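Asks: Next input, structure requested:
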Amino acid sequence: MPTLFEPKSPTTLAEWTETLCLHDLPIFSTTAQNLYSNLEDDDKGVAELAEIILQDPNLTAKLLKMSNSPFYNHSNQNLTTVTRAIIILGCNVIRELTVACSLFEAVLSPDNKQQAAQVIGESILAAVHAKEIAASARIASPESVFVATLLNNIGAIAFWCFGDKHCDKICALLKDGQLATEDIEQKVLGFKLETLTLKLCKSWKLGGLIDEAITQTETHSKEVATVHLGKAVTAAMAHGWDSPEMLKCVKKIEKLTGQPSTTVLAQLKQNTAKAIKIARQFDAIDASAYIKLTETRAKTLAQSSTLQQQAGLKQLQFKLLQDIGFMLGGRFDINALFEKILSGIHDGIGMDRTLFCLLSADKTLLKERFALGWHSEPNSPKLQLLLNQSPSNLFNEGLASPQGLWANPASHKALYSMHVINTIGKAECFLLPIYTDNKPVGLIYCDRAHSSTAFTEDDFNTAKHFTQHAVIGLSIYRMNNKVQN
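Replies: Predicted structure coming up:
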């Protein structure tokens, strides 16, 4: 392969484009170009398309290898001929594979730098994300979305594979950390690599969705939006699965596909394994290692974020318990005390809904006294929880459990009566009774009905600890009233 700087190093965007197109990055071999144009011709049959591919033995071998991979060959049929591959997989899939194989044949070499592997890995991962999102959104051709996303960073891939001393300059400035990546590209090259992508796209006359995705940032096209989403998800992984950046992507995918966030996030996490397999099948081993590193980093950041949240909650719990302790040390308003305790459970443990109810005089009802996270409308009627003795329901069991009840619909199915479900729903919850003189007087209920975050033993123990302060406070309050009387 000729060296990029023989005889002259490119200095302008036009020179870089010409050099990469004519000398160093012929992404479309003659075979690939012919196939790409003929696939647009409805008059061309399977035999004619197969004949074009068979003119290039290397491309034929790679196509058959990829055609038999699980990512493409869902039927698990043994595809031994190009004709059979076109019939089973379809023309669009074959075009996708042709473009991908041509790309990686051009850029994979022993001289590839770490930065090139990173960009290639990002492109493969983004392409897999985009294709899976497109399939969930029932977009007609997920294969076209895959190709468009794969080539969306072709300028950066080309540069990092063949940029030589310019790569070293940019790497040095990136390590210095004083400038943003795009500013560094402008400083060293005189243009941004995304501009090089656009120029290469025009020179290769790729057209269609590839061109649209590169040239359009704001669009009403679902296909183009999916390409950008695939890239956005890949970028967000650098911040962790629980990051605001990732949650923003998940919401967009929810809107596009109609799937719940839990399903979306689970699918995105599965895509990494698929991307690693695809990269290895393309012989992009360094890129597959980078994809794995990206996944590991996302998991580490998510764990770190969880630990930080837990540390923050512990600090808040300590502060709230301090405040409660100060209140109990002097004269206090019993209502203010219970509001503080309810806030301690709700905010200090991280609940979605928290409720304090008092037992009615006839012991048939629990009546709402304070509530957090329940009423969306002002002046909403207060909750009243019926106590059924036979058969016993969730509220009855909670009130009759001095050590508290940790209930969930799977283990305590019989306790979730129609009244319980109609009143509070069917969520895992803590029920913490408040006793005085060995008699129940009220109940604290809390759940995570909206976030569906799992409870822990520590959550339960902390909720009981706050509840004990309520019991102590109520006892002190009653003793003070007796002294006064």
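Asks: ranges for the helices of the stretch 101-250 of the chain?
Replies: 114-136, 142-150, 154-162, 165-176, 181-189, 193-203, 208-215, 222-236, 244-257 (DSSP state H, counting those that start in this stretch).
Asks: Now that we have these, can you turn them into TSV and tack on mean pLDDT and distance to Lys274?
Replies: C-beta here means a position set from N, CA and C on the backbone, and glycine is covered the same way. Formatted as TSV, the helices of the stretch 101-250 of the chain follow (pLDDT from 0 to 100; distance: least, Cβ to Cβ, whole Å):
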stretch	mean pLDDT	distance to Lys274
helix 114-136	86	5
helix 142-150	84	11
helix 154-162	78	20
helix 165-176	78	29
helix 181-189	84	27
helix 193-203	80	24
helix 208-215	78	21
helix 222-236	90	12
helix 244-257	90	16
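Asks: Quick one: closest of those to Gly90.
Replies: Gly90 lies closest, by Cβ to Cβ, to one member of the helices of the stretch 101-250 of the chain: helix 142-150, at 8.0 Å.
Asks: which other residues reach that closest one?
Replies: 90, 92-93, 95-96, 99-100, 103, 123-124, 126-135, 139, 208-210, 212-213, 223-224, 226-227, 230-231 (Cβ atoms under 8 Å, 6 or more residues apart in numbering).
Asks: hang on, the earlier thing: include mean neighbour count and distance to Asp333 when you put the helices of the stretch 101-250 of the chain into TSV, please.
Replies: Shown next, in TSV, are the helices of the stretch 101-250 of the chain (neighbours: other Cβ atoms under 10 Å; distance: least, Cβ to Cβ, whole Å):
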stretch	mean neighbour count	distance to Asp333
helix 114-136	25	54
helix 142-150	27	61
helix 154-162	26	64
helix 165-176	14	59
helix 181-189	16	57
helix 193-203	19	62
helix 208-215	19	62
helix 222-236	23	47
helix 244-257	17	39
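Asks: closest one to Gln281 among those?
Replies: That would be, of the helices of the stretch 101-250 of the chain and by Cβ to Cβ, helix 114-136, which comes in at 10.2 Å.
Asks: That closest one versus helix 208-215: what angle between them?
Replies: 120 degrees (axes from the mean of the first three to the mean of the last three Cα atoms, to 10 degrees).
Asks: what's the angle from helix 114-136 to helix 165-176?
Replies: Per the same axes, to 10 degrees, the angle that helix 114-136 makes with helix 165-176 is 80 degrees.
Asks: CA-only coordinates of helix 114-136 in PDB, if you can.
Replies: These are the backbone C-alpha positions of helix 114-136, laid out as PDB (Å, rounded to 0.1, in the frame of the first residue of the first chain):
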ATOM      1  CA  GLN A 114      -5.300   2.500  18.900                       C
ATOM      2  CA  GLN A 115      -7.300   5.500  18.000                       C
ATOM      3  CA  ALA A 116      -8.400   3.900  14.800                       C
ATOM      4  CA  ALA A 117      -9.500   0.800  16.700                       C
ATOM      5  CA  GLN A 118     -11.500   3.000  19.000                       C
ATOM      6  CA  VAL A 119     -13.400   4.800  16.100                       C
ATOM      7  CA  ILE A 120     -14.000   1.500  14.300                       C
ATOM      8  CA  GLY A 121     -15.300  -0.100  17.500                       C
ATOM      9  CA  GLU A 122     -17.600   2.900  18.100                       C
ATOM     10  CA  SER A 123     -18.900   2.700  14.600                       C
ATOM     11  CA  ILE A 124     -19.600  -1.000  14.800                       C
ATOM     12  CA  LEU A 125     -21.300  -0.700  18.200                       C
ATOM     13  CA  ALA A 126     -23.300   2.300  17.000                       C
ATOM     14  CA  ALA A 127     -24.400   0.500  13.900                       C
ATOM     15  CA  VAL A 128     -25.600  -2.500  15.900                       C
ATOM     16  CA  HIS A 129     -27.500  -0.200  18.300                       C
ATOM     17  CA  ALA A 130     -29.100   1.600  15.400                       C
ATOM     18  CA  LYS A 131     -30.100  -1.600  13.600                       C
ATOM     19  CA  GLU A 132     -31.800  -3.100  16.700                       C
ATOM     20  CA  ILE A 133     -33.600   0.200  17.400                       C
ATOM     21  CA  ALA A 134     -34.700   0.300  13.800                       C
ATOM     22  CA  ALA A 135     -36.000  -3.300  14.000                       C
ATOM     23  CA  SER A 136     -37.900  -2.400  17.300                       C
END
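Asks: Ser261: how many residues sit nearby?
Replies: Counted with other Cβ atoms under 10 Å, residues neighbouring Ser261 total 13.
Asks: can you pull the pLDDT of it?
Replies: Here, the pLDDT recorded for Ser261 equals 85.
Asks: residue contacts, it?
Replies: Contacts of Ser261 by Cβ under 8 Å, 6+ apart are Val250, Lys251, Glu254.
Asks: Try it again at 10 Å.
Replies: Residues in contact with Ser261, defined by Cβ atoms under 10 Å, 6 or more residues apart in numbering, are Leu247, Val250, Lys251, Ile253, Glu254, Ser452.
Asks: Closest one to Ala61 out of these, please.
Replies: Nearest to Ala61 among the contacts of Ser261, counting by Cβ to Cβ, is Ile253 at 36.2 Å.
Asks: for the stretch 351-485 of the chain, which spans come out with low pLDDT?
Replies: Applying pLDDT under 70 to the stretch 351-485 of the chain flags residues 375-379, 452, 480-485.
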